[in-house]
Every structure is written in structure tokens, then in C-alpha cells.
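In: need coordinates for the following:
(one chain, ligands or ions: 1)
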Amino acid sequence: MRIAVINAGSSSLKFKLFDMQTKKVLQEELIEHIGEKGAKFSSHHDALESIDVDFSSIDAIGHRVVHGGEIFKESVIVDTEILSLIETLNPLAPLHNPANIEGIKVAQSKAPKIAQVAVFDTTFHATMPKEAYMYALPHELYEEHKIRRYGFHGTSHSYVSKEAAKELGQSIESTNLITLHLGNGASVCAIENGKSIDTSMGFTPLEGLVMGSRCGDIDPAIVLYMQREMGLSVAEVDKVLNKKSGLLGICGANDVRSVLKREDESADLAIKMLVRRVQKYIGAYMALLGRVDALVFTGGIGENSEYIREAVLQSPLFRDSKVLVIKTDEELEIAGECVRVLQSRKD
Ligand code: ADP
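Out: Below you'll find the model as predicted:
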């Protein structure tokens, strides 16, 4: 079986073609800076058109879709009705979902006979209990506006949890893990018997850890203060929290590798804050899980930075924990989901 995966970000497009018997990548393309000034491609449509691929040899095309809201608790084959349901979720992920939808539409026009499968970042967390996903806000905000915690990076947490269970020689259904996806965006997930029971990202990917340029957890009254006392607009506050905070806000750089090379006080503080926040989440999730079979590091930082891993593991609470480092593969997870969905359609 051959499965193509399209991961259309706000200004990038990743394409991978897998042979699912061997799990080998047959073709791989990365197009960046789409729609930016002077860029080669002005739209995702043009970018995808430029990829030379024989769609007649492909069994399905898997698409990463960031937000599945409360509607999608599983990956789905996309038809007209499903596509318009995904479109209703655009307000929940205005930067991401429209690009994902554009990717699906272009793929549909290029390969109308091939099944298009939407795989959501949120679905892995659909197993969170209500006490984990509710905010302590007036209930109508949930009822009427679907304001709740959703969680993201689901394909990554799912992929590395299954790989971790294999390494431990256990079935995923009886494995408890804390998975740490530490990249530019970062999140932690508490996994009980293979299922997500809590995660650090919430209504949007802004909540939780200290990230490259996102603040993670803050007192929400800071948002009110910035508007009331500093006169910032909604768009300006959005920019502060998402683009100017995190490591970048603290020390002026968002790339962990470059921050680790520096010896100044602000770089040191930024790393200490990142590490401390990760430790706090691990401790909290240990309390929820009771038994933790392994801590699993993944993502650009988690996979590559021994310094950050060692710093996190300094906590005496984690001294006896088994630690695994597993390279994530979100595209392979999406391709695997396509196979599962196609097979369940046949059954
Ligand atoms: P994204 O969320 O954009 O997919 P990645 O998972 O690629 O991000 O992670 C990017 C982060 O990983 C950057 O902060 C980068 O500095 C960090 N990183 C990559 N390699 C190393 C390394 N060898 N040591 C420390 N940090 C690294």
C-alpha cells in the first residue's frame, strides 16, 4: 500500500510518500515561505501543483488537520459534508485549519478518485476525562462556545507512546507514560493504559510549557492588564503571547541550540524557566498516574539536547524513572491512520 501525507502549515507544505509494507519514504518534499514576499509559490495550491507525483499509484492521501474540535474523535475519510464540518472549526485554529483545508481541496482536485483522510492533532486527547478538559469557567462558555481544553501534538504523543511500549516490551494497553514533545511548540501528555488522560496544551497550543516564542501558562489577568492599562489591541496581545514570548521574550532568541551556546544571564534564565516548567508538569502527571513506566522525550529538543534532558531529570522525584528518547514521526503516524481507516471501511 502506498500512502501520501500532506502537512500544510500556515506558510509551509510537507509532502511524504510511504510504502506501508516497508515503512520506507519513497518521496519527500518540503516547501517553505509559501505566500511570503519574493517566495517561489504564492499559494498552497501552486506549491502542491509543483510536486511531481504519480497519484495513480497511491491508495490514500492523509492530511494533518490541527483542530478537530469536539466533532472529530477519530480520523475520517473526507467528503463534502466532512469538509464543511472541518471548516466550522476555523475559528478555533485560525492560523492552521484554513491551510490544512486548502491542502485537502488541492489534493482532491489533483486526485479526485483517491480517498483523502483527515488526521487531527486533537483526537488522541479525546480520551481525556471531563475534569481534565473543562476550564473552571461559567458552564455556558463550554456549552455555547466549546471553550474547553483540547490538547495538540496528538499524532506525536500517540506515535512515541506506541514505540515506547514496544521498547519496554509491554502492550500499549497496559502502559503508563509521560511523553514530552519538546520542539518549538512543546507539550507534555499523561498516558494511562495507552490513552491520553491529560495534556499541557489546552483550548489552543498556547497553554502549558515555556516554548520558543509562546508563553505557556500565565495568569490570565495579565491579558486584561495589557488591554486595560497598556491599551494593547486584541491583535497586539495575540502577538505578544504567541510570537514575542517564551524563550524569545526572555532572552531574545527562540532556538534552544543557540540559547544553550550563550553564557549570559537572560539565556541562563530562559533555559531554567523552560526546564522548571517541564519538571512541574512531570511531577503533576506522576501524581495523576501513580505508576509511570517511562518518561519519553521527543521533538527537536527532546531528541537532541542531552543538556535539557539531564537538567529536567535533576529532580530527585524522577531519579528512579526509566527514560526513553524516541524520534517522533508524525507523518508515519498519519499514514498508519490512513491504513487503519481504509481497512475499517472494508470490514
Ligand atoms: P517544530 O516544533 O518547529 O517542529 P522541532 O521539533 O524541529 O520544532 O524543534 C526545534 C527545536 O529543537 C529548536 O529549539 C532547536 O534549537 C532544537 N534543537 C534541535 N537540535 C538540537 C540540539 N542538537 N541541541 C539542542 N536543541 C536542538
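
In: for the protein, which residue occupies the most central location?
Out: With distances taken as Cα atoms, centre = their mean, the residue of the chain nearest its centroid is H153 (2.2 Å).

In: quick check: it vs E173, distance?
Out: 21 Å (Cβ to Cβ, to the nearest Å). In this view, the C-beta of every residue, glycine as well, is placed from N, C-alpha and C.

In: likewise for L289?
Out: When distance is defined by Cβ to Cβ, L289 is 15 Å away from E173.

In: looking at those two, which is more packed in?
Out: For L289 versus E173, the count of surrounding residues by other Cβ atoms under 10 Å is larger for L289: 18 against 9.

In: what sits against the closest residue to the more buried one other than its chain neighbours?
Out: Distance criterion Cβ to Cβ, 6 or more residues apart in numbering; nearest residue to L289, sequence neighbours excluded, is N176 at 5.0 Å. Counting by Cβ atoms under 8 Å, 6 or more residues apart in numbering, N176 touches I191, E192, N193, L289, G290, R291, V292, D293.

In: again, only this time at 10 Å
Out: Going by Cβ atoms under 10 Å, 6 or more residues apart in numbering, N176 touches 161, 170, 190-195, 197, 285-286, 288-294.

In: and K346, how many residues sit next to it?
Out: Count around K346 with other Cβ under 10 Å applied: 5.

In: again with L295
Out: For L295, the neighbour count with other Cβ under 10 Å is 25.

In: do E70 as well
Out: Residues within reach of E70, counting by other Cβ under 10 Å, total 14.

In: wait, it sits on K130?
Out: No - at 11.7 Å, E70 and K130 do not qualify as touching, with contact defined as Cβ atoms under 10 Å.

In: what's the closest non-adjacent residue to whichever residue of the stretch 101-250 of the chain sits closest to the ligand?
Out: Among the residues of the stretch 101-250 of the chain, G183 lies closest to the ligand, at 2.5 Å counting by Cβ to the nearest ligand atom. Leaving out its chain neighbours, the residue that sits closest to G183 by Cβ to Cβ, 6+ apart is G299, at 3.5 Å.

In: contact partners for the one you found?
Out: Listed by Cβ under 10 Å, 6+ apart, the contact partners of G299 are 153, 156, 160, 179-187, 305, 327-328.

In: mind checking which of those residues are buried?
Out: When the contacts of G299 are checked for burial by 16 or more other Cβ atoms under 10 Å, the buried set is 153, 156, 160, 179-187, 305, 328.

In: who does the worst-scoring helix or strand of the chain on mean pLDDT touch, helix- and strand-wise?
Out: In the chain, no helix or strand scores lower on mean pLDDT, DSSP states H and E than helix 44-49, which sits at a mean of 86. Identification of packing neighbours for helix 44-49 by 3 or more Cβ pairs under 10 Å, 6 or more residues apart in numbering; DSSP states H and E yields strand 2-8, strand 13-19, strand 24-31, helix 97-110.

In: ok, now with 8 Å
Out: On a contact count with 3 or more Cβ pairs under 8 Å, 6 or more residues apart in numbering; DSSP states H and E, helix 44-49 meets strand 13-19, helix 97-110.

In: buried residues, the first one. List them.
Out: Looking back up the chat, that one is strand 13-19. L13, K14, F15, K16, L17, F18.

In: can that strand be said to contact the ligand?
Out: No - contact of strand 13-19 with the ligand is not found when judged by Cβ under 6 Å from any ligand atom; the minimum separation is 10.1 Å.

In: for that strand, give the mean pLDDT please.
Out: Taken as a whole, strand 13-19 carries a mean pLDDT of 95.

In: now do stretch 86-106
Out: pLDDT averaged over stretch 86-106 gives 91.

In: for it, buried residues please.
Out: 86, 89, 92-93, 96-106.

In: ditto for stretch 226-234
Out: M226, L232.

In: same question, stretch 234-248
Out: Neighbour counts using 16+ other Cβ under 10 Å place V237, V240, L241, N242, S245, G246, L247, L248 of stretch 234-248 among the buried residues.

In: my read is the fourth one is in a strand, agree?
Out: When you say that, I think you mean N242. No - read with DSSP: H, G, I helix; E, B strand; the rest coil, N242 is helix and lies in no strand.
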